[in-house]
Every structure is written in C-alpha cells, then in structure tokens.
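Enquirer: My questions are about this predicted structure, shown below with the sequence.
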Amino acid sequence: MEHVPAPTSSPQVRLDGLDPEQAAAVRAPRGPVCVLAGAGTGKTRTITHRIAHLVTTGHVRADQVLAVTFTARAAGELRTRLRALGLGGEANTVQARTFHAAALRQLRYFWPQVVGDVPWRLVDSKFPIVAQAANRTGLSTATESVRDLASEIEWAKASLVAPEDYAAAVARLRRETPYDATKVADVYAGYEELKTSADGLLLDFDDLLLHTAAALEDYPAVAEEFRGRYRCFVVDEYQDVTPLQQRVLDAWLGGRDDLTVVGDANQTIYSFTGASPGFLLDFSRRFPDAVVVRLERDYRSTPQVVSLANRVIGAARGRIAGTRLQLIGQRPDGPEPSFAEYDDEPAEAAAVAKAVARLIRKGVPAAEIAVLYRINAQSEAYEQALTEAEIPYQVRGGEGFFQRAEVRQAVQALRQTASREDLPDARGPELVTLVRAALARLGLTATEPSGVQARERWASLVALVQLTEELTTHDGELDLSGLLRELAGRAESRHPPTVQGVTLASLHAAKGLEWDAVFLVGLADGTLPIAHVLGDNGTVSNEAALEEERRLLYVGVTRAREHLHLSWALSRAAGGRKSRRRSRFLNGLIPEDSPASRIAHAAGDRRGPARAHPTCRICGRPLLGTKSTMLGRCSRCPADLDPVLLDALREWRREKADELSVPHFVVFSDTTLTAIAEQLPADDRALVAIPGIGAKKLGQFGADVLAIVRSHSSAQDHKTPGEK
C-alpha cells in the first residue's frame, strides 16, 4: 500500500515524488482535465495532489472543491489523503463524497426554496413498495422477483428512462428483462405512484439525483447560490457514470469547465446498472481544449502480472478497446502467472486450498490472498476446501453459501421432504432426482431464468443439486437423512473466522481492491464469459456483453500484486462428464511450455475422437480461439476470401433476418459467413463441417447458402482471366 504521510497544518504539495505523467496531471491548468488512469497507476495520489496544487496555487479555495466518487469507502480514502495534504481543517476542507451523499446534502438545504413545506422522507428500501406495485400488476412477489424488478427500476431511472418509455428503450437496447417489458413498465409506473401520498413524498436514492438536478436546472436562484459555493469539480471512476449522474454533474457545472475526471474505460464492468463509459470516451469531443493525461506506469503489480493484463485487454474489440492503456510494470520481477486445468471443481478447489496453504507457509499473510470467481454460487467449493484445510476465510460482498437465504430455504424444504411418511428410499441418482423435485418449487428450473437476482438464486440451487451429485458419487448409499446431516455439518463448520483470513469474492465485488496473491478460478466458457451472453452452440449472442465479461477478467488479473493463478475445471461434480471448455479469453495467453497448455492440446485424445482438437486447414497447427476454429485456419495464415460472395451472403442474411424478425446473428454470425466465403462449401457435408452450422441451421438455411455459393462460383467460372 502507498504510504500516506501524517497530516500537516497547511496544504503542502511535493511534486518530486510523482512520475512525469502524474506531475503533468497535477500541474495541468484549471480544467478541463481528463486523466486516463490504468489499474495500479496511482490515480488517487494524482487527483488528491492535483486538488492540493489547485488550492495552494490560488486557483480555488479548498471549500470550493467538490470531489465525487461511487462508494463511501473510496470517498473516505479521498478524505484521508486530502487530510494528509493539509486539506482537512474546519475552514480548509475539500468536500469528498459519493454522488448520492452530495445530492442528499444539497437537496436538504435547497428543498424549502424549491418545494416549500411539503415533507419528504428517504426510503431505506424500495423493496416493499416495489412488491406492492408488482402485486397490483399480477407479477410474483417472491424476493428475487421483487429484487430484479427493483433493479430494472434503478436502471431505468439511472438511464433517464421514464415508465412510459421503458418498453421502447429496452427493445432498442436489446436489454434482457425479468418479465415482459410492458409488465415491468407497469410496475415502474405503480412504484412511482405509490411514493406519493397525503403524508408527503417518499424519495429513493435515484430521486435525490433527479430532484437535485431539477432544482439547479429550473430555479436560477438555487443554481446561482450553488455555483457561487462550488467552483471546481473532480470525478473519480468516471467510466462508471450513469446518464442521471452526468445530468447532475452538468447541472453543477452550469456551462463552466473547471472539471477533472479520472477513469479507465477498460474497467467498465457495471453497464447493467446504467453506467456508461461514453462520457469518458467523449470528454475531448465535449471539451476540445481539454488536457488529456495517460497514466500507464503500474506500481501495483509485477511486470509478469502486468504483461498478462495487457494481453487480456489487448484482445478486446469495439470502441472501448480503442482507449486501452498499455500498462508498464514498475515493480521488480516476480513469478510468472500460472495456469491449471482440473477434472472437476472439487479437485480445483482442493488444489487452490493447497496452494494457499503453501503461500501462507512462505510468509504471505492470509489477508493478502484472494480467491475470485464470476458468480457467488461458486464460493461453496472453496469455502469447503478452505474449511477442510483449516484456513480462515471471509466472504466479501455477500454471505457464505449456507448463510444465503435461498440455501437456508432449500435445506428447510429438504427437511420437510424428509419428514413425509411416503418418502421413497432414494439413493444415488434417485436421491439427486428427489432433491431436484423438492427444490423445483423454490425456483429450480431446467433452464437459467432472466434477471440477475433470479439467476443468483437459481445458481445457488443448482450448486446444491451438484453438491448432492458429488456426495452420491463418493457414497452410493447416501439417503436424504444422510444428506441433511452432511449439509448441517458443513454449515456448522463454516463459522466466521475470528481473525482476518483469505478473501472469497466475486469479480464485481473485488473492483478497487488488491492483494499480494490472487486465484482466478472457474475460468470456463459458460461461467466466464457467463452463459447468457453465449448462444446455445457457444457462439456469441451479445458482443457488447461478451466484451464486458473480458473486462471482468482484466479487472481480476489487475487485482494481483505478485502471485497470480488462473484455473478451470472440466466438470462440476467429481467423476462427472468433462464437457466444459476453458474460457475463450485464455486462448493465446497460456505459454506453450505450460502444463495447462499441453493438457488443453491433448484434450481431444482424452475426451474421445468426437472432441479432437481442430487443426488449421492450411498449416496443420492446432487452432486456438473460437474465431480461428470457426474459420478453420490460424489468424496468421493467409485467407482466400471472396469479398463479392461475402457481400451476397450478408445481403441474404439481412433479408432472411428481416423475414424471421430476428437479429442478424441468429441466422449466422459474421465469422460463419466469412468461413463460408473462404471455404466455398459445395454440398451439405462441407457446409456442416464449418463450426456454427449444425443440422438445424442446415435444414433452415443450407439450400439457400449452397445456391448462393454455386451461383457465385458459376459466375466466376464464366469470367475471362482479366475479369477475375
């Protein structure tokens, strides 16, 4: 951790401890300034020194500065750093708050001028109001259902989408909704109505921002008083700003440009909440005279970790990828990141626990070790493995597996099933079937549901079924009573540690944190990237969502200071079918001499002839990566692409998609069309040999595609040599 000097009595700024880019950001003239700061590049140090520099050079008084960020922890860190620079006295205080805390303070002050004596109250939780609105609309009031509806309302308000515009907005954005969009819109409208009563107004956290913006926009006296009070603004983590927060920021500025923003578009991982990197990406367009500084010297991680991080984000595509920062490691060399493949998740978790124990024996504190995963339900295997290894741990950003409400409900449902007089003597696979049946009424379905909260609940129930499968594999005579005893024993053994231990956290919860050693686990397709951004056959159904999943991996890699371990398992349960594939994001990252690379190359032999690893049709080398596999060639091998045929195929796809009223990629992806235009299949057999074209698509579209290819080939044959 960076050393924070003791507080001084007056602002003191020493620039000789800053690197050239940090010093340039600190010394930049009074706004607008955009600092593109990569992970571990000292952005907090830079912005606090910039604030102190502006104060000490007389550009602004300390109490005229408002710095905002997104979490209370980050705001507290800003205040601590500013106090250390002498900006913490009664008359010399910079305001450092979250957006919502700043808006709440301002709204309380200006409310009488704007609304008068109408009382208002901030709701602690919107849950009961959303539940009431859902009930009126005829939707489920189950906990996860209400939470998903509340999340949709929060997204809509953060995105400045009114109830009457919600259905059109989600259709335009192709946003997945937990229920039919018109039903969600009805709940949203009902929720807003229920917050108004004869007793006054109920405001949620988004209302704080909406009312603050409206007060400044619609009441000149309020705007004049506020803008006389605050003259300089600093926004941290600017890539996570929502349209609503940007509206508040615009109202604060009122046409002025004394603004410093700090962010990294390649760490955008909260777009599902309405956050948009667009404001950061467009900063120079909005402020053509802005000073833009890039911080790329990474002081957190070893060069080996930094190199891997650069390669992860180097494969990104799209507009955000164009802003990527090329991090430069500043620390001494450390160990190379390791990669490992395991037969199943229990084996992966046990290996991770052993590796954690080795690090602790070597002197790495348990509190400086983290195990990071994509979804919270993955924690169960690691809680169990660490418990068996007697290694203390803490679950950050969530509860332990057996403390989660849905798991407690599931165990209670199994107890009720066990008490039935007509309980069959179910063992082995029959016990698994019995558990599935008992959990079906709690939300266990054959397919993954829509909605983030519903998915979290579903994943926990699936994990409980998979745990049952694992236990029956080891004990074929296990019955329901024995299963309940095993679950109770596991729950009892997992008491919160009395001392700080290893951190278990999701990748989202790990944002902004760092550890000496990080284990990134469960890196399999369907988990990272998460299943719902992939189609049924593994093709990408949402490119933007896929890129956000890649950025999650990047965030995970950049949490590690020195030790970094990446792993995946081919099966969930011990002895299960090894049907998983390592994450597509790892393609091209694993060194050729790594044991994991050799395992992956030999995977076809181990999993049978049908799973033989594809090779390049030109050079014969094994293919790595989904795109190379679909094209049938290495990225370095030359392609004999027929652009006229590709255009004809794209035009046909457009017409077919319009006819079926589906997105273009549902017919065929761009990569599949490219493969067709390169390989010129002449019959059904050659067509289905192209990955992404199965029996169903052959039946739907095969005749059309082959006719286009034949027609084009015939036209080519009739051209003179000079025309070809």
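Expert: Done, it's in. Residues are numbered from 1 along each chain as shown.
Enquirer: helix/strand/coil for the most centrally placed residue in the chain?
Expert: By Cα atoms, centre = their mean, the chain has its centre lying nearest to Ile269, at 4.1 Å. At Ile269, secondary structure determined by DSSP: H, G, I helix; E, B strand; the rest coil is coil.
Enquirer: okay but it is in contact with Ala509, surely?
Expert: No - proximity of Ile269 to Ala509 does not meet the contact threshold set by Cβ atoms under 8 Å, at 10.9 Å. C-beta coordinates here come from the backbone N, C-alpha and C atoms, glycine included.
Enquirer: Confirm that Val68 sits in a helix.
Expert: No - Val68 sits outside any helix when classified using three-state DSSP, being strand.
Enquirer: How many residues are close by it?
Expert: Around Val68 sit 27 other residues, with neighbours defined as other Cβ atoms under 10 Å.
Enquirer: Report the beta-bridge partners for it.
Expert: Counting by DSSP bridges, Val68 is bridged to Arg97, Val235.
Enquirer: roughly how far apart are the nearest residue to Val130 once chain neighbours are set aside and Leu160?
Expert: If the residues on either side of it in the chain are set aside, Val130 comes closest to Ala150, at 4.7 Å by Cβ to Cβ, 6 or more residues apart in numbering. Counting by Cβ to Cβ, to the nearest Å, the separation of Ala150 from Leu160 is 18 Å.
Enquirer: Give me the more crowded residue out of those two.
Expert: Per other Cβ under 10 Å, whichever of Ala150 and Leu160 has more neighbours is Ala150, with 23 against 16.
Enquirer: other SSEs contacting the host helix or strand of the residue nearest to Val130?
Expert: Taking DSSP states H and E as the definition, one finds Ala150 inside helix 143-158. Packing contacts for helix 143-158, counted by 3 or more Cβ pairs under 8 Å, 6 or more residues apart in numbering; DSSP states H and E, involve helix 127-137, helix 181-194, helix 205-218, helix 243-253, helix 452-474.
Enquirer: Show the subsequent helix or strand relative to the last one.
Expert: Read that as helix 452-474. With elements assigned by DSSP H and E, the helix or strand that comes after helix 452-474 is helix 480-493.
Enquirer: Report the buried residues of that following helix.
Expert: Of all the residues in helix 480-493, those buried under the rule 16 or more other Cβ atoms under 10 Å are 480, 483, 487, 490-491.
Enquirer: Repeat that for stretch 542-556.
Expert: Taking 16+ other Cβ under 10 Å as the basis for neighbour counts, the residues of stretch 542-556 that come out buried are 542, 545-556.
Enquirer: What of stretch 193-210?
Expert: Within stretch 193-210, the residues scored as buried using 16+ other Cβ under 10 Å are 194-195, 202-210.
Enquirer: could you redo these as CSV and give each row distance to Val187?
Expert: Formatted as CSV, the buried residues of stretch 193-210 follow (distance: Cβ to Cβ, whole Å):
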residue, distance to Val187
Leu194, 10
Lys195, 13
Leu202, 16
Leu203, 18
Asp204, 14
Phe205, 18
Asp206, 15
Asp207, 17
Leu208, 21
Leu209, 21
Leu210, 19
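Enquirer: and of the residues you listed, the nearest to Leu66?
Expert: When the buried residues of stretch 193-210 are ranked by distance to Leu66 (Cβ to Cβ), Leu209 comes first, at 14.3 Å.
Enquirer: Any regions of the stretch 601-724 of the chain where pLDDT drops low?
Expert: Where the stretch 601-724 of the chain drops to pLDDT under 70, the residues are 601-615, 620-630, 634-636, 638-639, 662-663, 665, 691-692, 694-696, 714-724.
Enquirer: go again using 80 as the cut-off
Expert: Counting by pLDDT under 80, the stretch 601-724 of the chain contains low-confidence residues at 601-642, 661-666, 669-671, 688-699, 713-724.
Enquirer: all strands for it, in order.
Expert: The residue ranges that make up strands in the stretch 601-724 of the chain, judged by DSSP state E, counting those that start in this stretch, are empty, as it has none.
Enquirer: so what strands line up beside the strand ranked longest in the chain?
Expert: For the chain, the strand that runs over the most residues, judged by DSSP state E, is strand 560-569. Neighbouring strands of strand 560-569 in its sheet, by DSSP bridges, are strand 338-342 (parallel), strand 515-520 (parallel).
Enquirer: just to revisit the earlier point, how about the buried residues of stretch 193-210, which pair is most distant?
Expert: Taking every pair in the buried residues of stretch 193-210 and measuring Cβ to Cβ, the maximum separation is 19.8 Å, between Leu194 and Leu209.
Enquirer: so the nearest residue to Leu589 once chain neighbours are set aside is in which element?
Expert: With sequence-adjacent residues excluded and distances taken as Cβ to Cβ, 6+ apart, Leu589 is closest to Arg311, at 5.6 Å. Under the assignment given by DSSP H and E, the secondary-structure element containing Arg311 is helix 303-314.
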